[in-house]
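*Asks:* Quick check, what structure comes out for this input:
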Amino acid sequence: MATNKDGNLDTIRLVKDRWTLIDFSASYCGYCILGIDKVAALHQQYEKYVDFVVLWNDRDQKTWLEYQKERKEKITWTNLRDPNGSIFKAFEITIFPTYMLIDPTGKIVKEWRGGKTPALDKFVN
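*Replies:* Below is the predicted model of the structure:
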């Protein structure tokens, strides 16, 4: 489980008949910071077809919230923190950022690691 900005437990919800792009990031990762603008552009282009989630690997709530204040106008999609890193461990995420595309049936169809921008046009119609 992840936490939201209020520190409450929250879950990543997959919606039937929709794609989901999960952005595994950390506020201390330079490529993750640079990637926010790229993900924001993808969000604008594909929000009708794709649910976007950014999941942060930040252990400290206060540091994470400070980072969020600076980018609140850019990150308008689901924005959660994995306080103990359990989700990152479960998906074996060791490179930041990692983008994971999940199809409408719940199957992981593609991963992009290390700052490579997701190419959603190859998957999402």
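*Asks:* Pretty sure residue 9 sits against residue 3.
*Replies:* Yes - contact criterion C-beta atoms under 8 Å: residue 9 and residue 3 qualify, at 6.1 Å. For every residue, glycine as well, the C-beta is placed using N, CA and C.
*Asks:* Which of these two has more residues huddled nearby?
*Replies:* Set residue 9 next to residue 3 and count neighbours by other C-beta atoms under 10 Å: residue 3 wins out with 17 against 10.
*Asks:* Which residues are in contact with that one?
*Replies:* 9-10, 61, 80-81, 83 (C-beta atoms under 8 Å, 6 or more residues apart in numbering).
*Asks:* quick check, nearest of those residues to residue 54?
*Replies:* residue 80 (7.3 Å; C-beta to C-beta).
*Asks:* Residue 121 should be in a strand, yeah?
*Replies:* No - with DSSP: H, G, I helix; E, B strand; the rest coil as the criterion, residue 121 is located in helix rather than a strand.
*Asks:* Output the below-cut-off pLDDT ranges for the protein.
*Replies:* Applying pLDDT under 70 to the chain flags residues 125.
*Asks:* 90 - rerun?
*Replies:* 1, 3-17, 27-30, 33-34, 58-74, 115-117, 122, 124-125 (pLDDT under 90).
*Asks:* just so I have it, where are all the strands in it?
*Replies:* For the chain, the strands defined by DSSP state E cover 2-3, 9-10, 19-25, 50-56, 78-81, 98-102, 108-113.
*Asks:* In a markdown table, list the ones you listed along with distance to residue 67.
*Replies:* Shown next, in a markdown table, are those (distance: least, C-beta to C-beta, whole Å):
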| stretch | distance to residue 67 |
| --- | --- |
| strand 2-3 | 14 |
| strand 9-10 | 18 |
| strand 19-25 | 10 |
| strand 50-56 | 8 |
| strand 78-81 | 10 |
| strand 98-102 | 18 |
| strand 108-113 | 21 |
